[in-house]
Every structure is written in C-alpha cells, then in structure tokens.
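Colleague: Here you go, sequence then predicted model.
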Amino acid sequence: MRTLRVGIVAGEASGDILGAGLIQSLQRRCPGIQFEGIGGELMLEAGCCSLYPMERLSVMGLVEVLGRVPELLRERRRLVRHFIANPPDLFIGIDAPDFTLGMERQLKEAGIPTVHYVSPSVWAWKRKRIFKIKRCVDLLLTLFPFEAEVYEPTQQNLRFVGHPLAEMIPAQIDMDLAVEHYGAGSGQQMLAILPGSRGSELKYLAKPFLETARWLQARHPDLMFVMPAANQSRYDQLAEMVADEYSDLKLKLVRGHSREVMAASDAILIASGTATLEACLLRKPMVVAYRMAGLTYKIYSRMIQSRWISLPNVLAGKEMVPEILQDDVRPEVLGPLLQKALDDAEYRQRIEQVFGEIGDTLRQNASERAADAVIELLEQRGRPLEIGTEPRSQRG
C-alpha cells in the first residue's frame, strides 16, 4: 500500500505544539505516514519536512504586517503550487488563518481534502468569516467547547477535540522542582513577568511591565521577579534593557522555561495570548495586558464583539482576571491589581477553583481525538489507509 502524505502548515509557536502532537498521534495510527510543509522545532522533531522557516510567518497586528504582505503572499503561492503539483492525501492548516485559509480554499478546489486546526476567533470578531471557512475547510478542529454554536448557521463539519496544553501541563510540570529552580526563597513571594514572545510585543510591553515591577518593589521590598525570554534573541534584547535601565530590580532573567516560571510564581503579569491559557491551566492569578500600534488598536477595537480578550475570562464566561489595554498599561494601574492577585486569599482560592474546572473541560486527549477526526475524513474521501493497531481514543 502506498505511503500516506499529509501537507501541514503552522505559523506560530502554539501551532507548532498542536502540530507536533497531531503528527505523533497520526504516526502511531498510520505507520510510514509522511508530513511536509511549514513547522517549528517540535514539528520538525516529530518528523515534518519543513519547506520554509516558520518564524517568517509569525507576524502580529494589522499595521505591522503590511510590510510583509508581498513576501507572505509570494510564499503562499509557492506552497499552493507545490501541493497542487504534488497532491497530498490531506492538507492541514494550523491556526494562522490569514495565511492558511487562503491555501485551504485553493487546495480544496483542486480536490485535496482540507482540515483547519484551531478555529479563528470568530466568537470575538468578524463573525461572518464562518461562511468563508465553510468554503475553505472540509473539517474544522476546535479547541474550546463554546465554539461549535458559532458555526451552526453553516453546518460546518466540526469536531471539538479539547486543548493539548490541558494534558501537557499536569504531566510535564513538577511543581516542587519548578519552585526549586525558579521560585523565590522561603516565605518570599514571586511575580512572573511575561511581556510576550514577539519583538513587537516587547516593544510595547517590556518597559511598562518592568516599570510596574519597580512600582511593586518600592512597596514590597521582598518581592522577587522572574522574566522568561522566549528565545536567545529576546533574551539578549531584554538583558540589554535590564542592564541599562532596571539594574535596581531584584529580577532573574531566564531563557525559555516560561511554563516552569509560571508554575513557581505566586502571580503573573502577562501579555494577552496563548500563554494566558497556560497560566489558567496552572491555576494562577494574573493580570493580562496588551498594547499595540495606535492605528491597529483603533481598527481592532471597532471589530471586537466579545466582552473579553483573554481566554481565561472567555472560558470562564465572566471576568476572573483584569484586562488592561493600551494607554492604561502603566504601573499605577497594573501595580494595585497585582497586589490583589498576590495578597487576596479569597480571590486566589476562587481562581484555583474556576481555573481547575476549565482544565477539566479542556482535558480531552486532544491530539488523539484530532487524529480520529482526520482519519475519518480520509476514509470518507476514499483514501486507502494502512491503520496501525493502536486503538482510537474514546470519543466524547
């Protein structure tokens, strides 16, 4: 029987995590299956052949992306031509909808079954995108249970699979070891500071976050701060900033290990994004903040339909953590909110309970459920499969 080929494209670090888990699950079911497209380090380690560096797709913001549009469109055309000339049995786009949905539409029209893993945030803004997604996607894999309702008008073929982070975090984090390596001393509180992984996020958030740490240190001299950097480039950027302007802070800067740092912390000051879900699954109180270019914010703010921007609040269906945006991202606003997160025992207990319930809901063995759905689509489309002996996951 011929080898099964899958085209796959991820555009962000979070998509790399999802892609690696799905690749490994499909490999266990379909021995010899091949993957090629765009992936990060985790997907490459899992066996994906990358045709283009994933980092070049990681662009955030409407204004910030403008300078990269010609390059991104050129690369998308090249990928589409490659896959149409060498048709895979299936194409999977992981998140990055502005890039992957256009590919999926063209490949679907060429007769290649398409899967989109991670629903775009249609619940938050541009809800009419569900009609475009229907035209582009044969199967949509969603991470959150509330998303299915949004797609009812189009009767989208959809499967809620849960979120892999919900399985990974309890299994991978040794809390005692995390505290030993990254935590504060006995009786000392620790605040984790995560201004984001993109250069544009550091541009807008690093200084306000460090100024907030200085504000807190003036009022809590024993408080310790730890800031994980996403990679060596971000580490060098932050190290220079700290050495030049914030050497007075009791701050430990580390490379990577953001999850362990959050696990060891008492509270977190964090940029809005996937990391807030990790913090939620670790059941940590946090203050979520975000700043972007003024024009980008004006455009986004008019399109947002959700009451909240952070996943912890969206998943809870109520405001569990403060969300601070744009000009309000300053020490006198963030500082008091972080004091509450550190010191209010009743609030911390409520966070622990609600976030624990969210984790239980999302813990669905996501990669296995996603693999189930992908295999079913291939079978429906008459793709001959040589399925391994490992049993499929239990469907909920």
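Modeller: Thanks, I have it.
Colleague: any idea where the strands of the chain begin and end?
Modeller: 5-10, 34-38, 48-50, 90-94, 114-117, 139-142, 158-160, 190-194, 224-229, 251-255, 267-271, 286-290, 323-325 (DSSP state E).
Colleague: Same list (those) but as a markdown table, adding mean neighbour count and distance to Trp123.
Modeller: All C-beta atoms are positioned from the backbone trio N, CA, C, and that covers glycine. Formatted as a markdown table, those follow (neighbours: other CB atoms under 10 Å; distance: least, CB to CB, whole Å):
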| stretch | mean neighbour count | distance to Trp123 |
| --- | --- | --- |
| strand 5-10 | 26 | 22 |
| strand 34-38 | 23 | 26 |
| strand 48-50 | 18 | 29 |
| strand 90-94 | 27 | 19 |
| strand 114-117 | 26 | 15 |
| strand 139-142 | 24 | 10 |
| strand 158-160 | 20 | 13 |
| strand 190-194 | 26 | 24 |
| strand 224-229 | 24 | 29 |
| strand 251-255 | 16 | 34 |
| strand 267-271 | 27 | 21 |
| strand 286-290 | 25 | 17 |
| strand 323-325 | 18 | 16 |
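Colleague: would you turn these into a markdown table with distance to Pro312 and mean pLDDT?
Modeller: Listed next are the strands of the chain as a markdown table, based on distance: least, CB to CB, whole Å; pLDDT from 0 to 100:
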| stretch | distance to Pro312 | mean pLDDT |
| --- | --- | --- |
| strand 5-10 | 24 | 96 |
| strand 34-38 | 29 | 96 |
| strand 48-50 | 31 | 93 |
| strand 90-94 | 22 | 97 |
| strand 114-117 | 22 | 98 |
| strand 139-142 | 18 | 98 |
| strand 158-160 | 19 | 97 |
| strand 190-194 | 14 | 96 |
| strand 224-229 | 19 | 95 |
| strand 251-255 | 24 | 94 |
| strand 267-271 | 10 | 97 |
| strand 286-290 | 7 | 96 |
| strand 323-325 | 9 | 95 |
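Colleague: Put together CSV for the ones you listed, with distance to Arg348 on each row.
Modeller: Below are the strands of the chain laid out as CSV (distance: least, CB to CB, whole Å):
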stretch, distance to Arg348
strand 5-10, 35
strand 34-38, 41
strand 48-50, 41
strand 90-94, 34
strand 114-117, 34
strand 139-142, 31
strand 158-160, 30
strand 190-194, 14
strand 224-229, 18
strand 251-255, 23
strand 267-271, 8
strand 286-290, 11
strand 323-325, 18
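Colleague: what residues does the top helix by length along the chain touch?
Modeller: Across the chain, the longest stretch assigned as helix under DSSP state H is helix 199-219. Contacts of helix 199-219 with the rest of the structure, by CB atoms under 8 Å, 6 or more residues apart in numbering, involve 60-61, 64, 191, 193, 195-196, 223, 225, 227, 233-234, 237-238, 241-242, 245-246, 248-251, 269, 271, 289-292, 329-332, 334-335, 338-339.
Colleague: Could you do stretch 92-100 as well?
Modeller: Taking CB under 8 Å, 6+ apart as the rule, stretch 92-100 contacts 6-12, 14-15, 18-19, 22, 57, 65, 72, 76, 101, 103-104, 114-118, 120, 129, 374.
Colleague: show me what contacts the closest residue to Val137 other than its chain neighbours?
Modeller: In space, and not counting its chain neighbours, Val137 is closest to His116: 4.5 Å by CB to CB, 6 or more residues apart in numbering. Shown in contact with His116 (CB under 8 Å, 6+ apart): 92-94, 97, 100-101, 104, 133, 136-137, 139-141.
Colleague: leaving aside the residues next to it on the chain, what's closest to Tyr182?
Modeller: Here the residue nearest Tyr182, using CB to CB, 6+ apart, is Ala264, at 4.3 Å.
Colleague: With Pro53 instead?
Modeller: Nearest to Pro53 is Ile38, by CB to CB, 6+ apart, at 7.8 Å.
Colleague: separation between that neighbour and Asp244?
Modeller: Using CB to CB, to the nearest Å, Ile38 is found at 36 Å from Asp244.
Colleague: repeat for Gly7
Modeller: Distance of Gly7 to Asp244, computed by CB to CB: 46 Å.
Colleague: go on, Asn86?
Modeller: Counting by CB to CB, the separation of Asn86 from Asp244 is 51 Å.
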